[in-house]
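Engineer: No letters, just coordinates:
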């Protein structure tokens, strides 16, 4: 019991300290400043875009892994989790090597189509998606796995096309896992820092999301950094509360 | 329509080797122990399992010819009632039943009309708006059947249709199911591990053991002449293998019995019904010509009687009344004399 | 008077050097003593040069171990003010050091080096940058440091001083990540310190900024008030500022004299 309480205190004290240090009198002014609002807007925009991309590409990927359609599924699963374990800065470097202006693919895109990703909002979305998508894939793969194949089989014998099976049977049945995965993915996207600053850079209104704004503010005005951190903390706790019900639901079913 | 199934298929390390036909208007039970390949056979017919070799033909239509032809489940006109029914939990009963017609392109309205007709004929109209979690097992069985029939299939496959039900519901649902599948015009094939279901529902029984068909016939034929120990045990009879010579059966593994058919020669199977066996504490005097000694190895209550397993040459199972059990004061380990009248032993060539 | 000044200077220099460099043998008389550990918190732009200076220092004062903590100037100063264990602090900006002085956490800073700005460009200079004015061209991907860090405020001063109308695409939080993006070719140009260009070697080219257009920054070094090894810390500060060895090393790394 004691070690458990130590863990609790260890995890809570920094959060309490953050709240205790919040400059309440200047708080409204700080968070309503154009810079803060711009960062918040950008964070919401890019994290939601990343979540949407993760949904479009990650959900089918999770299904492929769960149904073991592809060869070497075990290896693929391990590879998909890699961005989750990599230090985000390393992910950013890897993205630069791949999609930078002289990168593997980025070089081709720049030379032929004049497309570049670094220092653009699209770059932020790419970096964020790279880091956050594995959360969705892993969560949802569990959901797909626990869904017995016989429901999909039943739908097939009833004449449903694979597309109809996926959207009318599979997805509704894994909805709790899908929602949990999407929220986790979004929360990770919202907090993304390392890959973003490495790959997309740091410019207010274009690539400077909330975490980057916090880090930038830390160099100049600590109280601004704390106030912005508190906004992120409130969002995280909000997500957690929203998720809690979902998690309990998945356990029960 | 006739179904010709002549194929091999594998699931993991398990191999299934099938060569049989199924006819329209006939209810066929596929009977076998767990892991015998019953479900794989059903999945192959439904198109959910690809074949290693051979073919499956529905009437004139080749639906499987390994490795080139494989008609997907969607295009087979097969209705399947899955074990545990597999009703979609997020859809209402009506939506479950309408799922098939909708998938095949029916308008929402037509699908609903079709579904209501099915619900009406199965007496589940009042369940329309409920979710599968809100209905009983017996009701779920009917919903699953209605869902399978709503696509108007030519073939109806049922995987352990009664296994998910408790003993009491089972009796009544079996009776209903009997009526429902007899009313179905096409082929009905159901899989079961329960001989009662096979006996009561099927016109014809296919016995599957370790992936191969070991016996085919009417329920009566199976009971009278079981081809394997598994069938004999299911039918509740003793099956003895051995060599016959001039009215004497030399049982494999020891023992000699007098049999009525003096003309039989060579390898034979003999059926000895448990109720035809008498047990005695002392060596009996009397008309029974087959008398041998053994040890009680098991006692199991069964309906109003007791099944007594006796280890002897040959080992047999006998059934006795509760009164007899009290009189004989039987326990595991008791030495006992077994007797059987020659006329009660039915021997036939293997 | 004419004779007094040189004489006084001679005394000052003699006494001063005596204080600065007590006989080398004196420092080596305790061979088995526990080494004294000095922790140096320094601006990230000193990452390459300080370990070399430290090697020279420990040769002269054996039984000394020097540990480093490199980060942005503001960060290291914040850490020192927050009580992080450090004996010496060196920043890349005078105002940052002044914060420490004002909060009485650092003692008597000395300027020991100066740095000026240069335009770093990827190998081959693909955007063909020749001077400051070229940075204004549309389509030129220019990177700077954030104004919160010294290289960024220096760049901002540079643009103001030369009335340049530039639109950077990123404000990196330290020089090295900015330089990294120039080296990788994702930026056409980055305004960085001359020392950083020197450190990157052949991976990056640079365009010099003429002295009268340029902005320079001075590097102060000081002992942290709470240092547990005040004597040795003071020696290190003086060594960095006054020794020919240290100043020679600083020149080699692209730093200019601060005086």
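Structural biologist: Arrived safely. None of these values were measured; they are calculated from a predicted model.
Engineer: Below-threshold pLDDT in chain A: ranges please.
Structural biologist: Judged by pLDDT under 70, chain A has its weakly predicted residues at A:243, A:245-253.
Engineer: er, chain C actually
Structural biologist: Using pLDDT under 70, the flagged stretches of chain C are C:1-32.
Engineer: Which single strand of it contains the most residues?
Structural biologist: Counting by DSSP state E, the longest strand found in chain C is strand C:106-122.
Engineer: Count the neighbours of the residue of the stretch 101-250 of chain B found nearest chain A for me.
Structural biologist: The minimum distance from the stretch 101-250 of chain B to chain A, using Cβ to the nearest Cβ, falls at residue B:103 (3.9 Å). For the C-beta atoms, the positions are set from N, CA and C on the backbone; glycine is no exception. Residue B:103 has 21 neighbours, counted by other Cβ atoms under 10 Å in any protein chain shown.
Engineer: got the contact list for it?
Structural biologist: A:155, A:158, A:159, A:160, A:161, A:164, B:74, B:151 (Cβ atoms under 8 Å, 6 or more residues apart in numbering or on different chains).
Engineer: Ok, residue A:23 next?
Structural biologist: Contacts of residue A:23 by Cβ under 8 Å, 6+ apart are A:30, A:223, A:226, A:227.
Engineer: and the stretch 1-150 of chain A, which of its residues are near chain C?
Structural biologist: A:96, A:100, A:101, A:102, A:116, A:118, A:119 (Cβ under 8 Å from any Cβ of the partner chain).
Engineer: I figured the fifth one hits residue A:107, correct?
Structural biologist: Just to be clear, that refers to residue A:116. No: Residue A:116 lies out of contact with residue A:107 (Cβ atoms under 8 Å); the separation is 10.1 Å.
Engineer: who has more neighbours, these two?
Structural biologist: Between residue A:116 and residue A:107, counting by other Cβ under 10 Å, residue A:116 is the more crowded of the two (19 against 15).
Engineer: In a helix, the more buried one, correct?
Structural biologist: No: counting by DSSP: H, G, I helix; E, B strand; the rest coil, residue A:116 is not part of a helix but coil.
Engineer: Can you tell me the number of residues neighbouring the closest residue to residue B:197 other than its chain neighbours?
Structural biologist: For residue B:197, ignoring the flanking residues on the chain, the nearest one in space by Cβ to Cβ, 6 or more residues apart in numbering or on different chains is residue B:162 at 5.8 Å. Counted by other Cβ under 10 Å, the residues lying close to residue B:162 total 22.
Engineer: repeat for residue B:83
Structural biologist: 17.
Engineer: From residue B:190, how far off is it?
Structural biologist: Distance, residue B:83 to residue B:190, by Cβ to Cβ, to the nearest Å: 11 Å.
Engineer: okay, and for the stretch 151-300 of chain B, where does confidence drop off?
Structural biologist: Along the stretch 151-300 of chain B, segments meeting pLDDT under 70 span B:287-288.
Engineer: Show me which residues of it are close to chain A?
Structural biologist: Going by Cβ under 8 Å from any Cβ, the residues of the stretch 151-300 of chain B near chain A are residue B:151.
Engineer: Not counting its neighbours along the chain, what's nearest the residue of the stretch 151-300 of chain B at minimum distance from chain C?
Structural biologist: As assessed by Cβ to the nearest Cβ, chain C sits closest to residue B:151 within the stretch 151-300 of chain B, at 58.1 Å. Counting by Cβ to Cβ, 6+ apart, residue B:100 is the residue found nearest to residue B:151 once chain neighbours are left out, at 3.8 Å.
Engineer: Verify the stated contact: that neighbour with residue B:147.
Structural biologist: Yes: counting by Cβ under 8 Å, residue B:100 touches residue B:147, with 6.3 Å between them.
Engineer: more neighbours, the two?
Structural biologist: Using other Cβ under 10 Å as the criterion, residue B:100 and residue B:147 rank with residue B:147 on top: 31 against 28.
Engineer: what about that one, which SS state?
Structural biologist: Secondary structure assignment for residue B:147 (three-state DSSP): helix.
Engineer: what residues are up against it?
Structural biologist: Applying Cβ under 8 Å, 6+ apart to residue B:147 gives the contacts A:158, B:87, B:96, B:97, B:99, B:100, B:118.
Engineer: For burial, what's the neighbour tally of the first one?
Structural biologist: Per other Cβ under 10 Å, the neighbour tally for residue A:158 reads 30.
Engineer: so where do the strands sit in chain C?
Structural biologist: C:36-43, C:64-71, C:88-90, C:106-122, C:142-145, C:170-172, C:189-193, C:204-208, C:216-224.
Engineer: Output those strands as CSV; include the columns mean neighbour count.
Structural biologist: Shown next, in CSV, are the strands of chain C (neighbours: other Cβ atoms under 10 Å in any protein chain shown):
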stretch, mean neighbour count
strand C:36-43, 22
strand C:64-71, 17
strand C:88-90, 28
strand C:106-122, 22
strand C:142-145, 28
strand C:170-172, 27
strand C:189-193, 29
strand C:204-208, 18
strand C:216-224, 23
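Engineer: Out of the ones you listed, which gets nearest to chain A?
Structural biologist: Here strand C:170-172 is closest among these (Cβ to the nearest Cβ), at 2.9 Å.
Engineer: Now do the same contact list for the residue nearest to residue C:251 when sequence neighbours are not counted.
Structural biologist: In space, residue C:251 comes closest to residue C:257 once its chain neighbours are excluded; the distance is 8.0 Å by Cβ to Cβ, 6+ apart. Contact analysis of residue C:257 by Cβ under 8 Å, 6+ apart lists C:113, C:114, C:247, C:251.
Engineer: what residues are up against the first one?
Structural biologist: This points to residue C:113. C:218, C:219, C:250, C:255, C:256, C:257, C:258.
Engineer: and the two most separated of these?
Structural biologist: Using Cβ to Cβ, those span at most 12.3 Å, a distance reached by C:218 and C:250.
Engineer: hmm, back to that, from the contacts of residue B:147, which land in strands?
Structural biologist: Among those, no member is found in strands (DSSP E).
Engineer: hey, which helix is longest across chain A?
Structural biologist: When chain A is parsed with DSSP state H, its longest helix is helix A:222-252.
Engineer: residue contacts, residue C:88?
Structural biologist: Residues near residue C:88 by Cβ under 8 Å, 6+ apart: C:38-42, C:221-224, C:227, C:233, C:236-237.
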